[in-house]
Every structure is written in structure tokens, then in C-alpha cells.
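Participant: Compute the structure for the input listed below.
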Amino acid sequence: MMVRPAEEESEAEVRREDQDNINKFARLNARLHDVRDERALIKKSLERLDDAATELMMASGDPVLLLIGESFFDTTEEDATEFCEEEVERMQGQLESLEKEEGEILEKQTGLKKALYARFGKSIQLEDK
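Facilitator: Prediction:
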């Protein structure tokens, strides 16, 4: 928490409603960071799947070992390619869902920021640093 000079301090009393809004903002901010972390992980997984699909295209029809969870399965090149395509679709759906959730969170945070900054001015810090 940053200490502000006395002239920037607001004399506004923190009401229950204000504390609820501050707590709501904090929960939204924590979820926003989780969503962004999840998106980054999914993007890395998509890159790995793209690399795997490229390797499968260059394969010569030999049997392929497919890793699912912690186990390897013997499968055909065609089945492995189909699996990669399905995983890409599933992950892109997750990515779109997370992007939508991020937008909703940012929208809610904007409303809370307006209310809290209007009430407390410079004496409250809501921005990430």
C-alpha cells in the first residue's frame, strides 16, 4: 500500500458500501490475472499442438505415439492428426471464452473505478503497477 502526502489524502469516510466495492474490485482483479495466466497457458499449448501437427504432416505414415495425460498410445498418423485438430478447436473455444470473460471483468472494473475514484479521489490506488 502506498502512503500519500497529506494534501492528497481524502477525508471521505469508508462506508460499508465502499468497502464492498473495494473488495469486489480486488476479487475481479485477482480473477483477471488468473484469466490472463490461463490464456497464456492455452496459447502455449496451441503452439505445441501446431508444432505437433506440422511434424505429423512430415511423417511418412509410420505408427505414432500419442501422449494423453501421462500415457503414450500407439495410433495411426491419421488418428493423431484428427486428435490434434479436435484439441485445437477445444482450446480455441476456451480461449474465446476467456477473452469474453476478460472483457466482462474489465467492464465491471471500469464501473467500480469510476465510483471509487469519485468517492475517494487520489487517496485510493486501483491501478496495477
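Participant: quick one: secondary structure of residue 106?
Facilitator: Each residue gets one of three states, and residue 106 gets helix by DSSP: H, G, I helix; E, B strand; the rest coil.
Participant: how many other residues sit next to the closest residue to it other than its chain neighbours?
Facilitator: Once flanking residues are discounted, residue 106 sits nearest to residue 32: 7.2 Å by Cβ to Cβ, 6 or more residues apart in numbering. For glycine as for every other residue, the C-beta is placed from the backbone atoms N, C-alpha and C. A count of nearby residues for residue 32, using other Cβ atoms under 10 Å, gives 17.
Participant: Which positions within the lowest-mean-pLDDT helix or strand in the chain qualify as buried?
Facilitator: Taking mean pLDDT, DSSP states H and E as the measure, the helices and strands of the chain show their lowest mean at strand 64-68, namely a mean of 86. Of the residues in strand 64-68, those scored as buried under the neighbour-count criterion (16 or more other Cβ atoms under 10 Å) are 64, 66.
Participant: Kindly confirm my reading that residue 115 forms part of a helix.
Facilitator: Yes - the assignment for residue 115 (three-state DSSP) places it in a helix.
Participant: Run through the residues that contact it.
Facilitator: Residue 115 makes contact with residue 21, according to Cβ atoms under 8 Å, 6 or more residues apart in numbering.
Participant: mind checking the SS state of the residue nearest to residue 106?
Facilitator: Under the three-state scheme (three-state DSSP), residue 32 adopts helix.
Participant: All further residue positions should be reported with the first residue as 10.
Facilitator: New numbering, starting at 10: the last item is residue 41.
Participant: residues in contact with it?
Facilitator: With contact taken as Cβ under 8 Å, 6+ apart, residue 41 is in contact with 111, 114, 115, 118.
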